[in-house]
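Student: Below are the sequence and a predicted model; questions follow.
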Amino acid sequence: MKLISYGKHSIDQSDINAVSKALKNKVITSGDLVEKYEKNLSNYFKSNYSVVCNSGTSALHLAFKAADLKKNDVVLMPSINFISSYNLCSTLGAKIYLIDVEPTTGQISYKSVLNCIKKYKIKKIKIIITMYLGGYVSDNVKIFNLRKKFKFFMIEDACHALGSDYLYKDKKYKIGSCKHSDMSVFSLHPLKTITTGEGGIISTNKKILYDRLKILRSHGIIRNKKKHWDYQIIKPGFNYRLSDINCALGLSQLKKINKFVYKRRKIANEYVKNLKFYTNYVNVLNKDKINSSSCHLVILKFNFNNLKISKDQLISFFLKKGFFLQQHYKPIYLFDLYKKKNELKFFKQSNLYFKSCVSFPVHFELTKFQLTKCLQILKKLMKKTN
Ligand SMILES: Cc1ncc(COP(=O)(O)O)c(C=O)c1O
């Protein structure tokens, strides 16, 4: 049986043509297409600089290194997130505090950040990481404004939010504009809004961060401008470069981003429309933010008591019917590796969120027929319990 997944990439002939053409270029890495892609991304975000690299995780690593994150520096991040940020900060020896999320958004809020600071009596913060779960942006400006007091770097793990925007004083800003952050980080993994196969982006307005990111991306090398065979290493860096072949795909995909996001928003609105009479059983998370979101995910929040089945049963049931659902995310404090450092009892809201939320299909290639079928299965299940 062909499974219909909660997410999927979309590649058409124009992408294939672009990649084929790039393969015939004289240079296939560190060439013009990398610079062109970075320029086009910055034009899209309206930011000063973009740096591309070979995954969202390497983009986060570069961002943490550019912020000069060191051993024992304090980092605050959401308890519900993909594991990349926690793994990286842990490897870098940072002192990590997980912030409880709001069950209504699955994200940290201004209030939950303040609660965390108060509870642990935190005086000095190096980095706060925000994450816009599913692409729905919450409290970013308020959290950013805390910088006045604590002087931290605000790094947005915006891996879900390529194509999302937010309002500030009646003006629309793109996530990635970095009007209210130091760096925004994106993933170009196939399930994200657009893809380069694997890939990542860091957007920033700060020249000093941009210079560091570029040097760190390629071994910390600075080339001698007069003697091309000579170079210095000014920081221990990495090879996180993205090839011209990937960038050719990225350039082609970027042309279609508005079309992709439009379709995702349309699908998300369909879920709202179809489920509005079933609110005793299910609600669409962040439904008031759909029209400003990339809609990377459609997360349904269930009342499993009323539904009279468990979350595991629901996911297994849909699998048998041909739908591959997912949970985003298992809280970090539940992983055996990180359990000891995090006290379970402090994450009441995240537990509530985790128990009730499941991600349903949303992507550009999802057909009306598939969506209708998925909704019919769900409605039938809810009617049965009446
Ligand atoms: C929120 C979040 N952060 C970071 C990452 C890591 O991105 P990548 O898979 O491109 O390394 C992902 C990818 O799934 C993600 O969803």
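Tutor: Looks like it arrived, so ask away.

Student: where does the chain dip in pLDDT?
Tutor: 386 (pLDDT under 70).

Student: And the residue of it that's closest to the ligand?
Tutor: In the chain, the residue that lies nearest the ligand is Gly56 (2.5 Å; Cβ to the nearest ligand atom). (Glycine included, C-beta is placed from N, CA and C.)

Student: now that residue, nearest residue through space, not along the chain?
Tutor: Ser187 (2.8 Å; Cβ to Cβ, 6 or more residues apart in numbering).

Student: Got the phi and psi for that neighbour?
Tutor: Main-chain dihedrals, Ser187, degrees, to the nearest 10: phi -110, psi 140.

Student: give the contact list for it.
Tutor: Residues near Ser187 by Cβ atoms under 8 Å, 6 or more residues apart in numbering: 55-57, 59, 159, 199-200.

Student: Same check on Thr195?
Tutor: Thr195 sits next to 9, 11, 188-189, 249-250, 253 when contact means Cβ under 8 Å, 6+ apart.

Student: of those residues, list those near the ligand.
Tutor: Contacts with the ligand within these, counted by Cβ under 6 Å from any ligand atom: His189.

Student: how about CSV for the contacts of Thr195, with neighbour count added?
Tutor: Output for those, formatted as CSV (neighbours: other Cβ atoms under 10 Å):
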residue, neighbour count
His9, 16
Ile11, 15
Leu188, 28
His189, 18
Leu249, 25
Gly250, 27
Gln253, 25
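
Student: Now secondary structure too, for the contacts of Thr195, in JSON lines please.
Tutor: JSON lines is the format used below for the contacts of Thr195 (DSSP: H, G, I helix; E, B strand; the rest coil):
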{"residue": "His9", "secondary structure": "coil"}
{"residue": "Ile11", "secondary structure": "coil"}
{"residue": "Leu188", "secondary structure": "coil"}
{"residue": "His189", "secondary structure": "coil"}
{"residue": "Leu249", "secondary structure": "helix"}
{"residue": "Gly250", "secondary structure": "helix"}
{"residue": "Gln253", "secondary structure": "helix"}
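
Student: circling back: pretty sure the residue of the chain closest to the ligand contacts Phe186?
Tutor: Yes: between Gly56 and Phe186 there is a contact at 6.5 Å, judged by Cβ atoms under 8 Å.

Student: what's the spacing between Ile122 and Glu343?
Tutor: 15 Å (Cβ to Cβ, to the nearest Å).

Student: Neighbour count: those two, which is higher?
Tutor: Ile122 (15 against 10; other Cβ atoms under 10 Å).

Student: From Asn224, how far off is the more buried one?
Tutor: 44 Å.

Student: One more: Asp12?
Tutor: The spacing between Asp12 and Asn224, counted by Cβ to Cβ, is 44 Å.

Student: do the same with Lys311
Tutor: Using Cβ to Cβ, Lys311 is found at 59 Å from Asn224.

Student: cool, Glu198 as well?
Tutor: To Asn224, Glu198 is 32 Å away according to Cβ to Cβ.

Student: circling back: which residues are in contact with both of Gly56 and Phe186?
Tutor: Both Gly56 and Phe186 are contacted by 159, 192, 200, under the criterion Cβ under 8 Å, 6+ apart.

Student: Kindly indicate the member of the residues you listed with the most neighbours.
Tutor: Greatest neighbour count in those, by other Cβ under 10 Å, goes to Cys159: 30 neighbours.

Student: List the residues that contact that one.
Tutor: Contact analysis of Cys159 by Cβ under 8 Å, 6+ apart lists 56, 82, 84, 131, 185-187, 189, 192.

Student: again, but for Met1
Tutor: The contact partners of Met1, taken as Cβ under 8 Å, 6+ apart, are Gly322.

Student: same check, this time on Phe346
Tutor: Here Phe346 is in contact with 100, 119 (Cβ under 8 Å, 6+ apart).

Student: Not counting sequence-adjacent ones, nearest residue to the residue nearest the centre of the chain?
Tutor: In the chain, the C-alpha nearest the mean C-alpha coordinate belongs to Cys159, at 2.1 Å (Cα atoms, centre = their mean). Distances taken as Cβ to Cβ, 6+ apart place Ser187 nearest to Cys159, at 3.9 Å, with adjacent residues excluded.

Student: can you tell me how far the one you found sits from Ile175?
Tutor: 13 Å.

Student: Same question for Val358.
Tutor: 24 Å.

Student: who's more crowded, those two?
Tutor: A direct count of neighbours by other Cβ under 10 Å for Val358 and Ile175 places Ile175 higher, at 29 against 21.

Student: what are the phi and psi values for that one?
Tutor: Per-residue torsions, Ile175: phi -60, psi 130 (degrees, to the nearest 10).

Student: Next, the residues that contact the host helix or strand of Val51 from outside, please.
Tutor: Taking DSSP states H and E as the criterion, Val51 maps to strand 49-53. Strand 49-53 has contacts (Cβ under 8 Å, 6+ apart) with 34, 37-39, 41-42, 59, 62, 176, 188, 196, 199-207, 209-210, 213-214, 217, 240-242, 247, 250.
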